[in-house]
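> The sequence isn't on hand, but the structure is:
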């Protein structure tokens, strides 16, 4: 069993035009920086990206947008990105905006082998248009389907050669959910360790979900809104 | 905000006849020993218990069975318990056996605010009788409803005054799921610590789910099948 | 008339000991600065944190520690991190006691519009639709009128909805209003504001019963 | 004819490098003793552990560390603990490559009965129904006949079912049998066992094509 790859280029070698990929992260926090750079470099196109945000103009998924590598973006919030706005308004980019909890749950559903889930988010709004709904205990819920993705690209703090992952702080966010959901899950970690170095009680993502792992390099970990107190 | 109780008796003081209670644990591993003893001592009756197992004759939920405190048991596996067998055959005890993953998912659904989930477990068997089913991607799934419980009684390794919990080893099992699902969740812990002593990155159950917490005493932690190698 | 900080200050008076609270971006975020002494209120950040602390000291910013507005923050003793599914799970399951969020429009039936202005940029709903569909207690913090002077308290929202029949209370620069089955019920007026001014600034059905006290902030 | 350990040994030959495997109680548990050298197989215990190790040394038993049969066990470097929902989530999502479990009866359509004998004590299905409904690859390990000498390989199960059309392969004391749309296909016979003996011990539709090799264990 060898899940270890040398770098992002090798780990993403078989992502091809038209693939559906999930990318972990919230804003620029916990995003798979190395994988995104490798996708940009590889020049793979017509991608459908499932990610909470679309990065900023010059970082994160914004890099792929700039190179027009995306066909469709499925996200919950896409502010702070002028190129995104331009492509959306010009019709170059297909966009599906869905509630953040629905996004999380549809990833989770996939990882838990549940084909669909019920959520009240979006009932009575345009999000509900064309969707099946159902009343439970007097409250209306929408039926939302599990996501299917060819690849999930996630970023963890530490990982071992078996693919066990530990995230750090709020960089966890969507990463464990997407890690569970990918047909092929590729994890990049700040620190790759030997099996046994991580406490089995503290693992966030068991290795069974992770097909490929590599230690990333040159993490920028850019801060989107640097706020301090006096 | 004070969630800390002195002991099990005080923590369970308002559990009353006819209540639905969830009890964490798998076999005798990770069961809320102190709470069970307190329920036995209090003599509360007509309980519906949701728990993976029913304990053994003289330990765990078996103690409540012996005193005939249960009206109904919802479990996935109830072997190794003669009193259980006797009450089941005599009709004294109502029993609902459900697949273990369905039990886990119905607890989880409750904690995640999802009124129902779909699972393929039990399709084509007597478990499916009278249940709604649905085909997704050519495979049949049963619709299973979230559990509702008046109280969830869980056992953790460490907990802090805010209710944050960490479990140990396979004593985790159903505990975090039930902790999320109780209308009132009572956690007993081997070690009760101050907020800040647990690493926020290692918390298994965030305190928001836990209404009451106490440090248990005299843990027996009985081993059901002691097996060793040479 | 209240300024943004005073709106936040008034809302903070709604907090109770032991509350778990989700604060939206904008005025709601300011509520954290006015939590009354002597009570414990735990802030939930929907990107995966319970027990959000203040902004970090300069030089202590951590890229792995942000709030839902992407701002650098800190933890507090007793904080817990979790993933986004758990986060919205606890929201859906009604574990969050109070949600405070901003809005573009609120109707007298409790509908809220806050995420989209057709024809202009759509930023997305983020977690707002989940929050309003699930929270037990939703307070909207906003100005009573928009930049053109038009009322934001309507009989029906004109903008795309974020959720329906969910807002319980509104605190604006002019008033505290409860939403009931009968419509907007005026509870309190801001210092220096008359009931007539509130009536004139409200398009939805406004119910004024008895003497309206001036709010304490 | 094979004994229980030999059945386990034969099944172990189905293991491939990198497999995640769930072993049921009884003969399946013995498979862990025969994992071929040079490959990494990770055992999943559905009570919440990946990377199950051998039984502990005497005096090292830990009440917080058991397998699905409630036996004391150990972890291995690279193990991970998780809750029961995650455990069955990974099972339902098809992440477990192979499930080996015992059975009372198997039909030539791949139905399995393993959890209940009406009129006698019902112990419950535990995780078996979840496993058989979700696993991609299910091998049944059992004796070819029951204690009364009656075949356990039937055209239709008589006992209450655990799952339908799910068993892919059966390894018994007499034979290795694959289940196809046409019925039981005899792949291998146990050392010292004739095809006729297998035919006589099988009630369901048995397909015998060409020379049947003797199994390697």
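Perfect, thanks for sending it. Everything quoted here is computed from the prediction, not taken from an experiment.

> Mind checking if the helix or strand bottoming out on mean pLDDT in chain C is in reach of chain A?
When the helices and strands of chain C are scored by mean pLDDT, DSSP states H and E, helix C:27-30 comes last with a mean of 94. No - using CB under 8 Å from any CB of the partner chain, helix C:27-30 stays clear of chain A, with a minimum separation of 10.2 Å. Backbone N, C-alpha and C define where each C-beta goes, glycine included.

> give me the low-pLDDT residue ranges for the chain?
Picked chain A for this. Within chain A, no stretch has pLDDT under 70.

> wait, chain C
Low-confidence segments of chain C (pLDDT under 70): C:121.

> for chain A, which helix is longest?
Scanning chain A for the helix with the most residues, using DSSP state H, yields helix A:100-111.

> next one: that one to chain centre, how far?
Put simply, helix A:100-111 sits 11 Å off its chain's centre (CA atoms, centre = their mean, to the nearest Å).

> That helix - contacts with which helices or strands?
Judged by 3 or more CB pairs under 8 Å, 6 or more residues apart in numbering or on different chains; DSSP states H and E, helix A:100-111 is in contact with strand A:116-119, strand A:139-145, helix A:175-181, helix C:84-92, helix C:128-134.

> Can you tell me what sits against the next helix or strand after the longest one?
In this case it means helix C:84-92. Using DSSP states H and E, the helix or strand that directly follows helix C:84-92 along the chain is strand C:98-101. Strand C:98-101 is contacted by residues C:11, C:14-15, C:19-24, C:28, C:31, C:112, C:114, C:128, C:131-132, C:135, C:137-141 when judged by CB atoms under 8 Å, 6 or more residues apart in numbering or on different chains.

> Give the pairing partners of strand C:98-101; include direction for each.
strand C:20-23 (parallel), strand C:138-141 (parallel) (DSSP bridges).

> For it, buried residues please.
Residues C:98, C:99, C:100, C:101 are the ones in strand C:98-101 that count as buried (16 or more other CB atoms under 10 Å in any protein chain shown).

> now the third one, nearest residue through space, not along the chain?
In space, residue C:100 comes closest to residue C:28 once its chain neighbours are excluded; the distance is 4.0 Å by CB to CB, 6 or more residues apart in numbering or on different chains.

> Stretch C:141-152: which residues count as buried?
Buried residues in stretch C:141-152, counted by 16+ other CB under 10 Å: C:141, C:142, C:143, C:144, C:145, C:151, C:152.

> with the residues you listed in mind, which one is nearest to chain D?
residue C:141 (36.4 Å; CB to the nearest CB).

> Now do the closest one against chain A, distance only.
19 Å (CB to the nearest CB, to the nearest Å).

> quick one: contacts for residue A:69?
A:39, A:40, A:43, A:44, A:45, A:46, A:47.

> Which members of the buried residues of stretch C:141-152 are the farthest-apart pair?
Spatial extent of the buried residues of stretch C:141-152 (CB to CB) is set by the pair C:141 and C:151 at 16.2 Å.

> for chain A, what spans make up the strands?
Along chain A, the segments classed as strands by DSSP state E run A:20-23, A:47-50, A:70-75, A:94-97, A:116-119, A:133-136, A:139-145, A:149-160, A:165-166, A:182-193, A:212-215.

> Give me the contacts around the fourth one.
Think strand A:94-97. Contact with strand A:94-97 is made by A:71, A:72, A:73, A:74, A:75, A:76, A:77, A:78, A:88, C:122, C:124, C:125, as judged by CB under 8 Å, 6+ apart.

> on that earlier part again, so of the strands paired with strand C:98-101, which one's packed in deepest?
Sort the strands paired with strand C:98-101 by mean neighbour count, taking mean count of other CB atoms under 10 Å in any protein chain shown, and strand C:138-141 sits at the top with a mean of 26.

> Show me which residues of chain C sit near chain B.
Contacts of chain C with chain B, taken as CB under 8 Å from any CB, map to C:17-18, C:20, C:39-40, C:42, C:44, C:49-51, C:75-82, C:85-86, C:89-96, C:134.

> What of chain A?
With CB under 8 Å from any CB as the criterion, chain A meets chain B at residues A:105, A:112-120, A:136-137, A:139, A:141, A:166-169, A:200-202.

> Please pick the buried ones from those residues.
A:105, A:112-120, A:141, A:166-169, A:200-202.

> quick one: contacts for residue A:10?
Residues in contact with residue A:10 (CB under 8 Å, 6+ apart) are residue A:214.

> hmm, back to that, which of the residues in the longest helix of chain A are buried?
By neighbour count with 16+ other CB under 10 Å, helix A:100-111 contains the buried residues A:100, A:101, A:102, A:103, A:104, A:105, A:106, A:107, A:108, A:109, A:110, A:111.

> Distance of residue A:98 relative to residue C:44?
Going from residue A:98 to residue C:44 by CB to CB, to the nearest Å gives 21 Å.

> again with residue C:34
In terms of CB to CB, residue C:34 sits 17 Å off from residue C:44.

> Neighbour count for the two, which is higher?
A count of neighbours by other CB atoms under 10 Å in any protein chain shown puts residue C:44 above the other of residue C:34 and residue C:44, at 28 against 16.

> Now do the SS call for the more buried one.
Secondary structure, DSSP: H, G, I helix; E, B strand; the rest coil: residue C:44 is strand.

> hang on, it packs against residue C:67?
No - in this structure, residue C:44 is not within contact of residue C:67 by CB atoms under 8 Å, at 10.1 Å.

> Can you work out which residues contact both of these two?
residue C:52.

> List the residues that contact residue A:101.
A:119, A:121, C:46, C:84, C:87, C:88, C:91, C:92, C:127, C:129, C:130, C:134.
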